[in-house]
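A.B. asks: need the 3D shape of this:
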Amino acid sequence: MTNTIPENILQALEEEGYHTLRPVQTQCIPLLLSGKSIGVQAKTGSGKTAAFLIPSLTIAKEDTQHPQVLILSPTRELALQTGKLARQFAIYTRLHIATCIGGIDIEKQINALRMRPQIIIGTPGRMVDLYRQGRLDFSHLKLVVMDEADQLISTGQRKETEEILSYTTCARALFSATLKQDVLSFLPETYELVVLDEQKVSDNIKTWYIETEDKQKTLVDILKHTDIETCIVFVHYRSTAAKLSSNLKKKNILCEAFSSDKEEKERIRILKDFEEGRIRVLCATDAAARGLDLTRLSHIIHYDPSIDEETYIHSSGRSGHQGQAGTVISFVTNDDDPNTINYIKQNAKPYPLSREQEYDLSKPLKKEQQQNRNYTKLIIKAGRSDKLRPKDIIGALCTIIPFEDIGTLEIQDHYSTVIIKKPITLSVSTLSIKGKKRKIEPTNG
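C.D. replies: A predicted model of the protein is given here:
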C-alpha cells in the first residue's frame with residue numbers, strides 16, 4: 001500500500017516514528033484513496049488521525065489553488081493538534097495547510113487562507129463564519145473528514161456540520177467512538193463501514209484501581225512514588241481541577257488545571273507546555289477527554305471515577321497512543337456509585353503502590369531531541385504589512401537556496417515563514433527583498 005503514498009510523505013512519516021502502518025490505517029487508507037466514503041469506529045489511540053491525514057495529503061495536489069480536503073474537529077485543541085501533525089507529515093511537500101478555529105485572531109487565519117491552502121482543518125463554527133464571509137470555497141473538495149463525529153453532536157455542533165456538508169458533494173470520512181444512527185446521518189447513502197474493535201481499553205494500557213478514603217493524599221503519594229513522564233488527572237468539576245492544581249503546585253509539582261473556564265490562548269499555552277514537558281501533570285475535567293490528542297502520555301489517573309463506560313474508555317485512551325505502553329489508575333471510594341465500582345474492579349487490578357523510591361516532578365521532562373531532522377524552518381521579519389507577495393520572497397530566497405529545496409511559505413502581517421526541504425546553515429542574517437534588507441533566521445517554532 002505504501003507504494004501509493006508519495007515518497008516525500010513517507011520520509012516525513014518515518015521521521016515521526018511511523019515505521020509501520022497500524023490496522024486502522026491499513027484498512028482506511030486504500031478506501032479513502034479510492035474515493036469511497038467511510039464510517040469508522042476505532043478506539044482512542046488506535047492511530048486514526050494518521051489514517052485520515054495520510055490519504056488527505058496524498059489526495060491533495062500541490063499545484064491546486066483551492067481547498068481539496070476539509071477536516072472538521074469538535075474542539076479547538078484537537079484541531080490545533082491535528083494541524084500540527086498534518087504539517088509534520090507534509091514537511092517535505094509544498095502543500096499548504098490552514099487551521100481555522102474560534103477564540104483566536106481571525107485575521108491570522110484569513111492570511112493563511114490567502115496562501116490558498118489545499119487542506120483546511122478547523123471547528124465547524126469558524127468554518128461556517130469564514131464560508132459566509134466568502135473566505136472559503138468548498139466547490140473543489142475531494143474529501144471531508146469528521147473527526148470524533150459523535151462529539152460534534154454532543155457538543156452542539158450538528159447544525160453547523162450539516163450546513164457545511166450541504167455545500168459539498170465529495171467523499172466523506174467519519175471517525176467516531178460510536179456509530180449510532182445520528183452519527184451515520186452525516187454520511188451519504190452509500191458508504192463502507194469499518195469497525196476495528198469492541199469498546200474497551202487498549203491492550204497496551206495497564207489498568208489499575210486503588211481504594212482510598214483520602215483522594216488528595218493518595219494522589220500525592222502516587223505522583224511522588226510512581227515513575228511518571230506526563231500524567232492527566234481526570235476530575236468531574238472545574239473547581240476540583242483548580243483546587244488540585246493549586247495543591248500540587250505548593251508541593252513543587254509542575255502542574256496546571258485545564259478546563260473550559262480558561263481563555264483559549266491560555267488553554268493553547270498550557271497544552272504546548274504539557275506537550276513539551278514544562279508541565280508534568282494536567283488536572284483536567286472529563287469534558288477534555290476527547291478534545292485532546294497527546295503523544296507520550298504515560299499515565300492517566302481517574303481521580304473522580306467516570307460516570308459511564310464510554311467516558312472511562314476514552315479518558316483512559318489518552319494514554320498508550322500509537323501502541324505505546326500506558327498506565328491507568330482509578331480511585332475508588334465508598335461514596336462512589338456501586339455500578340461504577342464494580343465496572344472498574346472488573347476491568348482493573350489493585351494498584352501495588354510502593355513507597356520505596358521517590359520521583360521528582362518538579363523538573364521539566366527532557367524530551368528526546370528529534371533525530372534525522374532533514375528540513376529547516378526559516379522566519380523572515382517582514383510580511384503582508386510590508387506589501388510582500390509570495391513571488392517576492394521566493395525570488396529572494398532563490399538567490400541563496402535552489403528553488404527545488406523551497407517548501408511551503410506562509411505570509412503573516414509582520415513576519416513570514418518558509419520550510420526548506422533539507423538541513424541548511426544560513427550564510428546570511430539578512431535577505432534583500434524588494435530592495436530592502438530583511439532579517440532572516442532559523443526557527444524551531
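A.B. asks: would you mind measuring from the residue lying closest to Pro74 once chain neighbours are set aside to Ser239?
C.D. replies: Using C-beta to C-beta, 6 or more residues apart in numbering and skipping residues adjacent in sequence, the residue nearest Pro74 is Gln151, 3.9 Å away. Quick note: C-beta positions are derived from backbone N, CA and C, even for glycine. Using C-beta to C-beta, to the nearest Å, one obtains 24 Å as the distance from Gln151 to Ser239.
A.B. asks: neighbour count: these two, which is higher?
C.D. replies: Between Gln151 and Ser239, Gln151 has the larger neighbour count (other C-beta atoms under 10 Å), namely 22 against 13.
A.B. asks: which SSE is that one in?
C.D. replies: If you go by DSSP states H and E, Gln151 is part of helix 149-154.
A.B. asks: put the alpha carbons of that helix into PDB.
C.D. replies: Only the C-alpha atoms of helix 149-154 are listed here, as PDB (Å, rounded to 0.1, in the frame of the first residue of the first chain):
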ATOM      1  CA  ALA A 149     -18.100  12.800  14.900                       C
ATOM      2  CA  ASP A 150     -20.100  11.700  17.900                       C
ATOM      3  CA  GLN A 151     -18.600  14.700  19.800                       C
ATOM      4  CA  LEU A 152     -19.600  17.100  17.000                       C
ATOM      5  CA  ILE A 153     -23.100  16.100  18.000                       C
ATOM      6  CA  SER A 154     -22.700  16.000  21.800                       C
END
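A.B. asks: the helix or strand just after that helix - contacts with which helices or strands?
C.D. replies: Counting by DSSP H and E, the next helix or strand C-terminal to helix 149-154 is helix 158-166. Here helix 158-166 touches strand 69-72, helix 124-132, strand 143-146, going by 3 or more C-beta pairs under 8 Å, 6 or more residues apart in numbering; DSSP states H and E.
A.B. asks: try 7 Å
C.D. replies: Other elements packing on helix 158-166 under the criterion 3 or more C-beta pairs under 7 Å, 6 or more residues apart in numbering; DSSP states H and E are helix 124-132.
A.B. asks: what separates the helix it packs on from the chain centre, distance-wise?
C.D. replies: Using C-alpha atoms, centre = their mean, to the nearest Å, the mean C-alpha position of helix 124-132 is found 20 Å from that of the whole chain.
A.B. asks: now the angle between helix 158-166 and it, please.
C.D. replies: Angle, helix 124-132 to helix 158-166, by axes from the mean of the first three to the mean of the last three C-alpha atoms, to 10 degrees: 40 degrees.
A.B. asks: next, the buried residues of helix 124-132.
C.D. replies: The neighbour-count check on helix 124-132 (16 or more other C-beta atoms under 10 Å) flags Pro124, Gly125, Arg126, Met127, Val128, Asp129, Leu130 as buried.
A.B. asks: and Ile9, that's in a helix?
C.D. replies: Yes. Counting by DSSP: H, G, I helix; E, B strand; the rest coil, Ile9 is located in a helix.
A.B. asks: residues in contact with it?
C.D. replies: Residues counted as contacts of Ile9 (C-beta atoms under 7 Å, 6 or more residues apart in numbering) are Ile54, Leu57, Thr58, Phe89, Thr93.
A.B. asks: the same query, at a cut-off of 10 Å, please.
C.D. replies: Ile9 makes contact with Thr2, Leu53, Ile54, Leu57, Thr58, Phe89, Ala90, Ile91, Tyr92, Thr93, Leu95 under the criterion C-beta atoms under 10 Å, 6 or more residues apart in numbering.
A.B. asks: please flag which of the residues you listed sit within helices.
C.D. replies: Cross-referencing these against helices under DSSP state H gives Leu53, Ile54, Leu57, Thr58, Phe89.
A.B. asks: just the C-alphas of stretch 114-126, formatted as CSV.
C.D. replies: Taking C-alpha atoms only, stretch 114-126 is exported to CSV below (Å, rounded to 0.1, in the frame of the first residue of the first chain):
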residue,chain,number,x,y,z
ARG,A,114,-4.8,33.8,1.3
MET,A,115,-1.9,31.3,0.7
ARG,A,116,-4.6,29.1,-1.0
PRO,A,117,-4.2,26.0,1.3
GLN,A,118,-5.0,22.6,-0.1
ILE,A,119,-6.0,21.3,3.3
ILE,A,120,-8.1,23.1,5.9
ILE,A,121,-8.6,21.9,9.5
GLY,A,122,-10.9,23.5,12.0
THR,A,123,-14.0,23.7,14.1
PRO,A,124,-17.4,23.9,12.4
GLY,A,125,-18.4,27.3,13.8
ARG,A,126,-15.4,29.1,12.5
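A.B. asks: now the helix holding Gln151: buried residues?
C.D. replies: For helix 149-154, the neighbour count (16+ other C-beta under 10 Å) marks Ala149, Asp150, Gln151, Leu152, Ile153 as buried.
A.B. asks: hmm, back to that, and the buried residues of helix 124-132, which is closest to Pro352?
C.D. replies: Each of those was scored against Pro352 by C-beta to C-beta, and Pro124 proved nearest at 45.3 Å.
A.B. asks: Leu13: how many residues sit nearby?
C.D. replies: Using other C-beta under 10 Å, the number of residues around Leu13 comes to 20.
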